[in-house]
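Chemist: Any chance you could fold what I've pasted below:
(one chain, ligands or ions: 2)
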Amino acid sequence: MGRLVVVSNRVPAPKPGTPPAGGLAVALAGAMQERGGIWFGWSGRTLPPSAPEPEEPEMVENGGVTYALVDLSERDLQDYYAGFSNRMLWPLLHYRMDLTEFTRVALGGYYRVNKLFARLLAPKIEPDDAIWVHDYHLIPMAAELRASGLKNRLGFFLHIPFPPPDILTVLPNHADLVRGLAAYDVVGFQTPNDVENFETYVRREGVGRRVSAGRFVVHGRSIRVADFPVGIETKSFAATAALAGRHPLVKRMRESMVGRELIIGVDRLDYSKGIAERIQAYETFLTLDESWRGRCTLLQVTPKSRGDVPEYAAMEREVAELAGRVNGAHADLDWTPIRYVNRTIGRNTLAGLYRLARVGLVTPLRDGMNLVAKEYVAAQDPEDPGVLMLSRFAGAAHELDGALITNPYDVDGTAGALARALDMPLDERLDRWKRMYQRIEARDVNWWRKSFLDALEEKDAAVADRPQIAVVR
Ligand SMILES: O=P(O)(O)OC[C@H]1O[C@H](O[C@H]2O[C@H](CO)[C@@H](O)[C@H](O)[C@H]2O)[C@H](O)[C@@H](O)[C@@H]1O
Ligand SMILES: O=c1ccn([C@@H]2O[C@H](COP(=O)(O)OP(=O)(O)O)[C@@H](O)[C@H]2O)c(=O)[nH]1
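Modeler: Numbering: from 1, shown residues only. Ligands and ions are numbered 1, 2, ... in the order given. This next block holds a predicted model:
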C-alpha cells in the first residue's frame, strides 16, 4: 500500500506540538499517520513583491505527516484564490449567478497556480502513492499531473455543491473544467443531488454517460462518481461537549443567560450561509410571538472570511447593520435579542455552546454539507437534546431527517419553525435527536475517508451497493 498524498488549497498550520484543528484535518492527518503521507497546498503566506516563483515547496514534518507548503505571489493569490475561485466558482457553484465575476485574467491565474502546484508536487510522488485532491480551487490538478507523466490513482472530492447544467454552463470555460474532472479516477460529491446534476450535465453536453451505478464514461475515460457525505469525529466531539460545561467561557455564557433559552448560529461570514435572512426570521419571530421577548437570545458566531473579495466586505456591513437595527428596535434595559460575535471561537468552546443551546439554527441558502449542523447534533445532552433547524438547501439535510427542515427564503415559515422548536416537547426532541445521532455516529469522518479511499484504491464493493441515504423531499 502506497502513501496518501492529500492536496488542498488550505492546509492546517503544522505548528510543532499542536494537533491539527477541525474534523477534516484530524481525519486526514489520521490516515496519513497510518500510511505515511504528504499534505500539499498553499502555505497561507504571500511572497515578497519581487521574489521569484518557488522552486521547491517548504517541507515541514509534524506528527508523522510531511507538509509540503507553497508561498504564492500576491498576483497569483488575487487571480487564483480571491478571483477565479472565490468570485467565479464559489458563487456559481452556490447557485449565485448574480454574484459571479468572470475575467480572463483571473482564469489565467487559476490555471497558472494549478500548473505551479503540479510542477512542485510531481517530483515528490512515488509510483504507488494515492493522490486525493480537494475542492474547487484545484480541479485542473489531475490533468496537470497526468501531463507530467504521472500514472497514479487520482481522486477528487468537491466540498461544495455541483449545480444543475443550466447554471454551470454560465461559466465560459465549463467544458474545460469538466474535462479536468474526467482526468481523475474517482470524483466524489457531498450528496446524491450533486451526482445527479453531474450526470445531467455530461449527458446534455454530450461528453459522457453513466454506464452503471457509480461508474461513468466521460471524455472517453471510465471514472467512478458517487456521493461521499463528509462527517465529523462524532464520538470525540460528543465527549468534548459533555465536559465543556467546565470551560470558563461556556460557564460565563451560561451564567449570563440567567435562565433564558439560547439559540445558536455559527457560520463563516459568507453570503451562502443565509445569515441576513436568519436575522430577519428571528425578528419576525419576536414580533409575532411577543411572549418570547426577553426569554431567548440568539448568539450568532460569525468569523470574518475572504475579506479581499468585495461581496464579503459588503456583506459584513449588511449583517452588522441588520443585527444592530434589530437590537436597537427590540432590546430592553436588561435584554439584548442578538449577540453578534465577529471572531473565531475554538471548537472545544463551540462544543459547550452548542450543548447550552435549545435551538441550533443552520439556515444556508446553499451549502455543500455544513459541518456545524452535525456538530450541533453531536454536542447535545442525550437526556435533554436541543432542536436542529436545518435549511433544505444544506447538503446535511439529505442525511439529518430528524431536523426541522426549513426554507430560508421563507422568512415567515422560518419564524414559525423557530417558535415550534422552542416549544417542542422532550419526547419529540429525543426521537428526532436519536435518529440524527445514529446517522452521524455511523457515517463519521472516518467512514467518509475510508469509503472514498477504498473507492480510489478499488477496494470497495461497487459504490452503488452502499445503503442509500435519505433524500430531501
Ligand atoms: O479556505 P477558506 O476560503 O477560508 O474557506 C473555508 C472552507 O470553506 C468551504 O467549506 C466546505 O467544506 C465543508 C467540509 O466538507 C462543507 O461542510 C461546507 O459546506 C463547504 O462550504 C470550502 O469548500 C473549503 O475549501 C474552504 O477551505
Ligand atoms: O468560530 C468558529 C466558527 C466555525 N468553526 C468551525 O468551522 C467549521 C465550519 O464548517 P462548515 O462545514 O459548517 O462550513 P464552511 O465554513 O466549511 O463552509 C466547523 O467545523 C466549525 O466548528 C470554528 O471552529 N470556529
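
Chemist: pLDDT weak spots in the stretch 1-150 of the chain?
Modeler: The model of the stretch 1-150 of the chain has pLDDT under 70 over residues 15-24, 26, 30.

Chemist: cool, and the stretch 351-473 of the chain?
Modeler: 461-473.

Chemist: List the buried residues in stretch 292-306.
Modeler: 292, 296, 297, 298, 299, 300, 301, 302, 305, 306 (16 or more other Cβ atoms under 10 Å). Heads up, the C-betas are built off the backbone N, CA and C, glycines and all.

Chemist: and what of stretch 399-407?
Modeler: In stretch 399-407, counting by 16+ other Cβ under 10 Å, buried: 399, 400, 401, 402, 403, 404, 405, 406.

Chemist: Just give me how far it sits from the chain centre.
Modeler: Averaging C-alpha positions (Cα atoms, centre = their mean, to the nearest Å) puts stretch 399-407 18 Å from its chain's average.

Chemist: do that stretch and ligand 1 meet?
Modeler: No - judged by Cβ under 6 Å from any ligand atom, stretch 399-407 stays clear of ligand 1, getting no closer than 11.8 Å.

Chemist: ok now do residue 172, which residues does it touch?
Modeler: Residue 172 makes contact with residue 102 under the criterion Cβ atoms under 8 Å, 6 or more residues apart in numbering.

Chemist: Look up how far ligand 2 lies from it.
Modeler: Distance from residue 172 to ligand 2, counting by Cβ to the nearest ligand atom, to the nearest Å: 26 Å.

Chemist: check the buried residues of stretch 292-306 against ligand 2, which are close?
Modeler: Okay, of the buried residues of stretch 292-306 touching ligand 2 (Cβ under 6 Å from any ligand atom), that's residue 301.

Chemist: Tell me, what's the model's pLDDT at the residue of the stretch 201-350 of the chain found nearest ligand 1?
Modeler: Closest contact between the stretch 201-350 of the chain and ligand 1, by Cβ to the nearest ligand atom, is at residue 230 (4.1 Å). pLDDT recorded at residue 230 is 95.

Chemist: right, and it touches residue 445 too?
Modeler: Yes - under the criterion of Cβ atoms under 8 Å, residue 230 makes contact with residue 445 at 6.8 Å.

Chemist: Next, the buried residues of the longest helix along the chain.
Modeler: Ranked by residue count and defined by DSSP state H, the top helix of the chain is helix 310-330. Within helix 310-330, the residues that qualify as buried are 311, 312, 315, 316, 319, 322, 323, 326, 327, 330, counting by 16+ other Cβ under 10 Å.

Chemist: how about those, which pair is most distant?
Modeler: By the measure Cβ to Cβ, 311 and 330 form the most distant pair in those, at 28.3 Å.

Chemist: returning to what we had before: gap between the residue of the stretch 201-350 of the chain closest to ligand 1 and residue 367?
Modeler: As defined by Cβ to Cβ, to the nearest Å, residue 230 lies at a distance of 11 Å from residue 367.

Chemist: Same drill for those two, tell me which one is more crowded.
Modeler: residue 367 (28 against 25; other Cβ atoms under 10 Å).

Chemist: Contact partners for the spatially closest residue to the more buried one that is not a sequence neighbour?
Modeler: Once flanking residues are discounted, residue 367 sits nearest to residue 394: 4.2 Å by Cβ to Cβ, 6 or more residues apart in numbering. Shown in contact with residue 394 (Cβ under 8 Å, 6+ apart): 362, 364, 366, 367, 369, 370, 373.

Chemist: Give me the phi and psi for residue 394.
Modeler: Per-residue torsions, residue 394: phi -90, psi 140 (degrees, to the nearest 10).

Chemist: From residue 380, how far off is it?
Modeler: Taken as Cβ to Cβ, the span from residue 394 to residue 380 is 18 Å.

Chemist: The stretch 51-200 of the chain: helices as residue ranges?
Modeler: According to DSSP state H, counting those that start in this stretch, the stretch 51-200 of the chain carries its helices in the segments 74-76, 90-93, 104-121, 141-147, 165-168, 174-181, 192-204.

Chemist: Any chance you could list what contacts the last one?
Modeler: Here helix 192-204 makes contact (Cβ under 8 Å, 6+ apart) with 158, 161-165, 168, 178, 187, 189, 208-210, 216, 218, 225-227, 395, 398, 468-469, 471.

Chemist: Please apply the same query to the third one.
Modeler: When contacts are defined by Cβ under 8 Å, 6+ apart, helix 104-121 is touched by residues 5, 7, 40-41, 53-57, 68, 70, 72, 75-76, 78-81, 83-85, 87-88, 137-141, 144-145, 147-148, 173.

Chemist: neighbouring contacts of the longest strand along the chain?
Modeler: The single longest strand within the chain, with elements called by DSSP state E, is strand 37-46. Applying Cβ under 8 Å, 6+ apart, the external contacts of strand 37-46 come out as 3-11, 13-14, 28-29, 31-32, 57-58, 65-74, 77, 81, 117, 120-121, 124.

Chemist: What count of nearby residues applies to residue 182?
Modeler: Neighbour tally, residue 182, other Cβ under 10 Å: 21.

Chemist: and it, what does it touch?
Modeler: 207, 208, 218, 219, 221, 223.

Chemist: For residue 389, see how far away residue 421 is.
Modeler: 6 Å.

Chemist: Tell me the buried residues within the contacts of strand 37-46.
Modeler: The buried subset of the contacts of strand 37-46 (16+ other Cβ under 10 Å) comprises 3-9, 11, 14, 28-29, 31-32, 57, 65-73, 77, 81, 117, 120-121, 124.

Chemist: Let's see which of the residues you listed end up in strands.
Modeler: 4-9, 65-72.

Chemist: These: which ones sit near ligand 1?
Modeler: Answer for those near ligand 1: none qualify (Cβ under 6 Å from any ligand atom).

Chemist: Let's have the residues you listed in JSON lines, adding distance to ligand 2.
Modeler: What follows is these, written out as JSON lines (distance: Cβ to the nearest ligand atom, whole Å):
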{"residue": "4", "distance to ligand 2": "22"}
{"residue": "5", "distance to ligand 2": "22"}
{"residue": "6", "distance to ligand 2": "16"}
{"residue": "7", "distance to ligand 2": "17"}
{"residue": "8", "distance to ligand 2": "12"}
{"residue": "9", "distance to ligand 2": "12"}
{"residue": "65", "distance to ligand 2": "20"}
{"residue": "66", "distance to ligand 2": "24"}
{"residue": "67", "distance to ligand 2": "20"}
{"residue": "68", "distance to ligand 2": "23"}
{"residue": "69", "distance to ligand 2": "21"}
{"residue": "70", "distance to ligand 2": "22"}
{"residue": "71", "distance to ligand 2": "23"}
{"residue": "72", "distance to ligand 2": "21"}
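
Chemist: Just the closest of those residues to residue 133, please.
Modeler: residue 7 (4.5 Å).

Chemist: and the closest one, what does it touch?
Modeler: 40, 41, 117, 121, 131, 132, 133, 134, 138, 141.

Chemist: and the stretch 301-450 of the chain, which of its residues are near ligand 1?
Modeler: 305, 306, 367, 368, 369, 370, 371.

Chemist: Reformat the buried residues of stretch 292-306 into JSON lines and put pLDDT next to each item.
Modeler: Below are these laid out as JSON lines (pLDDT from 0 to 100):
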{"residue": "292", "pLDDT": "96"}
{"residue": "296", "pLDDT": "98"}
{"residue": "297", "pLDDT": "98"}
{"residue": "298", "pLDDT": "98"}
{"residue": "299", "pLDDT": "98"}
{"residue": "300", "pLDDT": "98"}
{"residue": "301", "pLDDT": "97"}
{"residue": "302", "pLDDT": "95"}
{"residue": "305", "pLDDT": "90"}
{"residue": "306", "pLDDT": "91"}
